[in-house]
Structure formats: C-alpha cells, structure tokens
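Trainee: Got a predicted structure plus its sequence, pasted below:
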Amino acid sequence: MRITRLAAKQGSRPLPNYRKLLLEKKAELEREFGTNFHRLAEIDQEVGDDPEQLLQEESITVRLNRVLYDQLRQVDAALQRLQFGEYGRCASCGDPIAEKRLLAVPWTRNCLFCQEKGSSSRIPEEIDVGRGVKHAYRS
C-alpha cells in the first residue's frame, strides 16, 4: 500500500484500504437493492385488496430503491476515481480530503470545507446512519 504525505505526518501509518471499503459498501448496496426488488414483487401478495396500501408500500419501496441506486452510483464513481488516481482529492478545491472524512464517507467527492460552504446548486450526498440513510449536501 502506498504511503501518502498524510500518512507520513501520522507516523508513517498506512492509509486504510479504501478500495476494499468501497467494494464492501457496493456489495451491501447491491444486496439491499435486490432485497427491495424482491419486496416490491411480494407487496401485492402481502397487502391483498387494499389499493391505497398497495400504492403506498410500492411508493416507499421505489423511493428507497432510488436512494440506494443513487448511492451505488456515488460508490461506483469513487471506485473510478480510485482507479484513475483522483481519489481523495476534493472535486471543488483540489485539496486532499481528510482521512476521517474518507473513513466516514469513502465515496465523498468533496472536502468538508467545500461541502459546508455549498451553493444554491447543491446535490445530495448519501451518508449511512445505522441501517437508514440521510442526506447531507455537497456542491
């Protein structure tokens, strides 16, 4: 594993294997995505004759799949950045992204400063919170 300047400042401790973290996250998202598709197929049998409940259950599952798909795309984009040597640099300012941030959100494109300064054209960045997902914003 290559040691960067950040690792050298931290007593030559090698950085975590971000590729492994990203691949694990991708596998987890794909499992959840598949589970939700199966759930979508089973909803009709579970709900029975109540069309309103059926529509509500389908709507919730489809929205959740959209969130999972968006996050999967972000993870895939991070894997591409890693492959091309662009991983760990802020897409906005070009500065290195802090190790703590990369550990918390390995698919992030922006440093914390650029994410927080934001703009009117911000787009959501998915962040895991236990088993749920919440939105943060990145520029």
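Mentor: Yes, it's here.
Trainee: Identify the residues contacting L102.
Mentor: Residues near L102 by CB atoms under 8 Å, 6 or more residues apart in numbering: 16, 18, 88, 108. Glycine gets a C-beta too; all of them are placed from N, C-alpha and C.
Trainee: Now the spatially most central residue of the chain: which helix or strand?
Mentor: In the chain, the C-alpha nearest the mean C-alpha coordinate belongs to Q71, at 4.2 Å (CA atoms, centre = their mean). Q71 belongs to helix 51-83 when elements are defined using DSSP states H and E.
Trainee: Could you list every helix and strand in contact with that helix?
Mentor: Helix 51-83 makes packing contacts with helix 18-47, strand 123-129, strand 132-138 when contacts are defined by 3 or more CB pairs under 8 Å, 6 or more residues apart in numbering; DSSP states H and E.
Trainee: for the record, mean pLDDT for the first one?
Mentor: In this model, helix 18-47 has an average pLDDT of 85.
Trainee: For Q80, grab the count of nearby residues.
Mentor: For Q80, the neighbour count with other CB atoms under 10 Å is 11.
Trainee: mind checking pLDDT for it?
Mentor: Per-residue confidence (pLDDT) for Q80: 95.
Trainee: so what's it up against?
Mentor: By CB under 8 Å, 6+ apart, the contact set of Q80 is empty.
Trainee: circling back to that earlier point, could you verify my assumption that the residue nearest to the centre of the chain touches E28?
Mentor: No: taking contacts as CB atoms under 8 Å, Q71 lies outside contact range of E28: 9.9 Å.
Trainee: Give me the residue ranges of this protein where confidence is low.
Mentor: By pLDDT under 70, the low-scoring segments of the chain are 1-15, 44, 46-48, 119-139.
Trainee: which one in it is furthest away from the centre?
Mentor: Of all residues in the chain (CA atoms, centre = their mean), D49 lies farthest out, 36.8 Å.
Trainee: Am I right that that one sits in a strand?
Mentor: No: applying DSSP: H, G, I helix; E, B strand; the rest coil, one finds D49 to be coil, outside a strand.
Trainee: need the contact list for it.
Mentor: Per CB under 8 Å, 6+ apart, neighbours of D49: none.
Trainee: What of I43?
Mentor: By CB under 8 Å, 6+ apart, the residues touching I43 are 54, 57-58, 61.
Trainee: Much appreciated, bye for now.
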